[in-house]
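In: just to be clear, the model below is a prediction. Sequence and coordinates:
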Amino acid sequence: DFLRFILHRGRKIVVWCGSDILQASWWYRIIEHIKAEHICENKLERDVLTLMLGKEPKVEPMFFNDPDKYPISFKPSKNPQVYLFAHSGHGAEIQGGLDLLCRIAPKVPSVIFHVYGVGKPTYTPYYACSANVIWHGVVPEAELDRQIKDYQCHLRLHEFDGFSDGTGKSVLMGQWPITKIYFPYIDCAKNEEDLIHLLRKLKYKKYPNIKVRNYYFKLFNETTF
């Protein structure tokens, strides 16, 4: 990707997504001298990129899918269904917030958590996760979309992150997603207490999140390129 960026002779637009920013390392010394438009997806990424590039990128959450494929489908539930995504590998799973999930799940027993991307790990603390955590493993996207449309919330617990497609799908479907990184109009859990509080509030959400849905639907259809 870096070589394609350097060799390309036309207009250059760089979209930085999450861990890409942390992996660029010494490439920044080359990138900062090349004329390009830089876009990232939140203020946390912007601050790091401004430091590394010496220029402030535009902040614009991206959705790399068709927004029209995700109509409003939210239905209230006394036992909210919450989903999150993780990847194989111990470090990636911790970054994805599974350790935090297993700590807080017993404190919100009315919430059902669905983990996609990995099966139930066998090491501490995941093997001891409470019964309200369901491990789905890898699921094809079409089947995943069919399942999550009936859920109430996408949970994104990464400490450093872009704007995930899971969060994008969630807002488009009128759900009430929760992230650890600030995005306009989306509930943000800065700590464990915030997270538990927001999860407990989900069962009181009686209507689709229309205002947020409309905001992001418009944003996704007005991207820079």
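Out: Good, I have the coordinates.

In: where does pLDDT dip in this structure?
Out: 88-96, 123-128, 224-225 (pLDDT under 70).

In: identify the residue nearest Ile134 in space, chain neighbours excluded?
Out: Nearest residue to Ile134 in three dimensions, chain neighbours excluded: His114, at 5.2 Å (CB to CB, 6 or more residues apart in numbering). Where C-beta positions appear, they are placed from N, C-alpha and C, glycine not excepted.

In: now do Lys190 against Ser170, distance only.
Out: 19 Å (CB to CB, to the nearest Å).

In: who has more neighbours out of the two?
Out: Shown here are Lys190 and Ser170; by other CB atoms under 10 Å, Ser170 has more neighbours (31 against 10).

In: which residue is the nearest non-sequential neighbour of the more buried one?
Out: His154 (3.5 Å).

In: hmm, Gln175 and the one you found touching each other?
Out: Yes. Using CB atoms under 8 Å, His154 is in contact with Gln175, at 6.5 Å.

In: and these two? Which one has more around it.
Out: With neighbours defined as other CB under 10 Å, His154 and Gln175 compare such that Gln175 has more, 31 against 26.

In: contacting residues around the more buried one?
Out: Phe74, Tyr151, Gln152, Cys153, His154, Pro208, Asn209 (CB atoms under 8 Å, 6 or more residues apart in numbering).

In: would you point out which residue is most central in this structure?
Out: Note on the chain: the residue nearest the mean C-alpha position is Ser164, at 3.3 Å, using CA atoms, centre = their mean.

In: count the neighbours of the spatially closest residue to that one that is not a sequence neighbour for me.
Out: Excluding the flanking residues, the one nearest Ser164 by CB to CB, 6+ apart is Arg156, at 5.5 Å. As a burial measure, Arg156 scores 23 neighbours (other CB under 10 Å).
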